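1. Sequence first, then the predicted structure:
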Amino acid sequence: CVRFDPSFDRIPHPDASLEESIGEIWNQRLQQNPSLYNGTKFRYGGHALHRSDESNQEYCVSLHLGLTDYRTFVGTNLSPLWEKFLVPSQDDSVCCQHMSNPLGNGAIVETSDEKIIVLQRSNNVGESPGHYVFPGGHSEPQEVGILAHQNDEKDVAGLTERISDEMFDGIIREVVEETGVPASSLVIKSSTQFALHS
């Protein structure tokens, strides 16, 4: 399950020059690679483990999600100044409160002949150009109609369910987009595993 709330958004750093560096770094990266795109992303703001039923037998993990964007990710997490954004703390959500921390996704895709698909990233991407990776990317807030936080959200349970579904739908979408394999050819082995069937 998820908790989606503005309290899990990134907190701007009190050092104004460090905050300004986010835009400067983004503009430098855009000059080097004009194909970069600033899209809205879900921000990982932590998690909680809690009982999911009255018998106290089952537990579930609740993802704490806010909003961020790719520009801020490039200017914080991928910045050469990234360590300056961190706050000394044992608690990751406090330590990283000034970081973008978009929640990524990925899949291990096994073919019917028991091979694992690995992709080589383009040299024209914002992070890890040319590296080998599993198919993946980000679940997208706009896929569930979120462009910004809404204070007047009437159906919080419905929104939470749509976001939870997008966590999994986003993985399938990335596999389809990055491998070219149609979704109808994917078999989900578990909530986190996919396989190709012929």
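-> Perfect, I can see it now. Numbering: from 1, shown residues only.
2. which secondary structure elements does the top helix by length along the chain contact?
-> Longest helix in the chain by number of residues, with DSSP state H as the criterion: helix 156-179. Counting contacts by 3 or more Cβ pairs under 8 Å, 6 or more residues apart in numbering; DSSP states H and E, helix 156-179 is packed against strand 2-4, strand 104-106, strand 136-138, strand 186-190, strand 193-196. (Glycine included, C-beta is placed from N, CA and C.)
3. Just the buried positions in the longest one, please.
-> By 16 or more other Cβ atoms under 10 Å, the buried positions in strand 186-190 come out as residue 186.
4. Which positions in the longest helix of the chain come out as buried?
-> 159-160, 162-164, 166-167, 169-176, 178-179.
5. for stretch 35-54, same thing?
-> Within stretch 35-54, the residues scored as buried using 16+ other Cβ under 10 Å are 36, 40-46.
6. Could you do stretch 143-151 as well?
-> Buried residues in stretch 143-151, defined by neighbour count with 16+ other Cβ under 10 Å: 144, 146.
7. What of stretch 14-21?
-> The neighbour-count check on stretch 14-21 (16+ other Cβ under 10 Å) flags 18, 21 as buried.
8. Break down the protein into its strands, ranges please.
-> Taking DSSP state E as the test, the strands found in the chain are 2-4, 40-51, 59-69, 104-106, 109-110, 119-120, 132-133, 136-138, 186-190, 193-196.
9. Out of these, which gets nearest to residue 22?
-> strand 59-69 (10.3 Å; Cβ to Cβ).
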